[in-house]
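Q: Provided below are the primary sequence and the corresponding predicted coordinates.
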Amino acid sequence: MSRRPTAAWLRRDNLRMTGKLLVVVAVMSCFGYALVPMYRAICTALGINVLSLSERQHVVKATDLRNTQIDYSRKITIEFDANARGPWDFKPAQRVLEVHPGELTTVMYTFQNIQSRQMSAQAIPSYAPKQATPYFNKLECFCFNEYTLQPGEQKAWPVVFVIDPKLPRDVKTITLSYTFFEVAGKGHGQAAVTAPTLKEPRS
């Protein structure tokens with residue numbers, strides 16, 4: 001004949017169950033916090049850069065460069081690449097440029113919406129080799145905003161940058177690559193930054 005569980009036994013069983021549930025809650029909370037760095041690590045490994053805060057941290061102001069010394073003892077070859085995920089015309093004004101570390105440089109990119117409808121898009125930058133990323137300091141870049149262009153509209157945007165003189169000497173070439181993606185849901189009049197009309201800088 002089985003004995004009925006006593007009140008003390010039920011209390012101990014409830015306490016054990018409560019403890020297990022608390023452990024599960026703690027583990028799930030830790031996992032939730034870990035998702036953000038895991039997501040960033042996966043994006044970095046796959047080369048997916050959705051304009052994270054780390055990208056914006058590479059932006060510097062002109063006032064931060066007052067004491068920058070130009071290293072005339074070497075030149076870095078900068079290759080400019082452009083990719084468009086859609087029927088658009090997107091390209092840099094020049095494909096290759098040699099710069100001295102610490103030298104302020106501007107390069108233009110042109111983008112044309114060759115579709116018969118309004119569209120909004122944003123550029124995602126990437127760098128090769130990866131180790132050069134923290135040394136590629138941008139003062140101005142169209143990749144910080146989304147832009148809306150009308151059918152057939154063409155715009156020109158500058159990228160103003162400085163290569164940090166602390167760039168390792170074994171890095172001789174840096175490739176700056178932009179990929180233009182259409183912003184989902186913003187091609188039919190939703191809010192986005194209107195692309196500014198810019199003039200080509202004088203040489």
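A: Everything's here; your move.
Q: every contact and neighbour count from this point should use C-alpha atoms.
A: OK.
Q: how about the strands in this structure?
A: For the chain, strands defined by DSSP state E occupy the ranges 76-85, 88-92, 96-99, 105-113, 119-128, 136-140, 147-149, 154-163, 173-182, 193-194.
Q: wait, which of those is closest to L10?
A: strand 119-128 (59.3 Å; Cα to Cα).
Q: next, the buried residues of that closest one.
A: Neighbour-count burial for strand 119-128 flags 119-127 (criterion: 16 or more other Cα atoms under 10 Å).
Q: given that strand, what are its sheet partners and their directions?
A: Looking at strand 119-128 with DSSP bridges, its partner strands are strand 147-149 (antiparallel), strand 173-182 (antiparallel).
Q: CA-only coordinates of it, as CSV, when you get a sec.
A: Presented in CSV, the C-alpha positions along strand 119-128 are these (Å, rounded to 0.1, in the frame of the first residue of the first chain):
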residue,chain,number,x,y,z
MET,A,119,13.8,53.4,-55.1
SER,A,120,15.7,53.7,-51.8
ALA,A,121,19.1,52.1,-51.2
GLN,A,122,22.0,52.1,-48.8
ALA,A,123,25.6,51.2,-49.3
ILE,A,124,27.4,48.7,-47.1
PRO,A,125,31.2,49.0,-47.0
SER,A,126,33.8,46.3,-46.5
TYR,A,127,37.6,46.2,-46.4
ALA,A,128,40.4,43.9,-47.5
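Q: would you mind getting the angle between that strand and strand 136-140?
A: With axes from the mean of the first three to the mean of the last three Cα atoms, to 10 degrees applied, the angle from strand 119-128 to strand 136-140 works out at 150 degrees.
Q: and the chain, what are its domains?
A: Annotated domains of the chain cover 1-46, 53-194 [automatic domain parsing].
Q: mean pLDDT lowest for which of these?
A: Among the domains of the chain, domain 1-46 carries the lowest mean pLDDT, a mean of 61.
Q: now for the buried residues of strand 119-128: which two are most distant?
A: Farthest pair in these (Cα to Cα) is M119 and Y127. Separation: 26.3 Å.
Q: between the strands paired with strand 119-128, which one is nearest to S73?
A: With Cα to Cα as the criterion, S73 lies closest to strand 173-182 of the strands paired with strand 119-128, at 15.3 Å.
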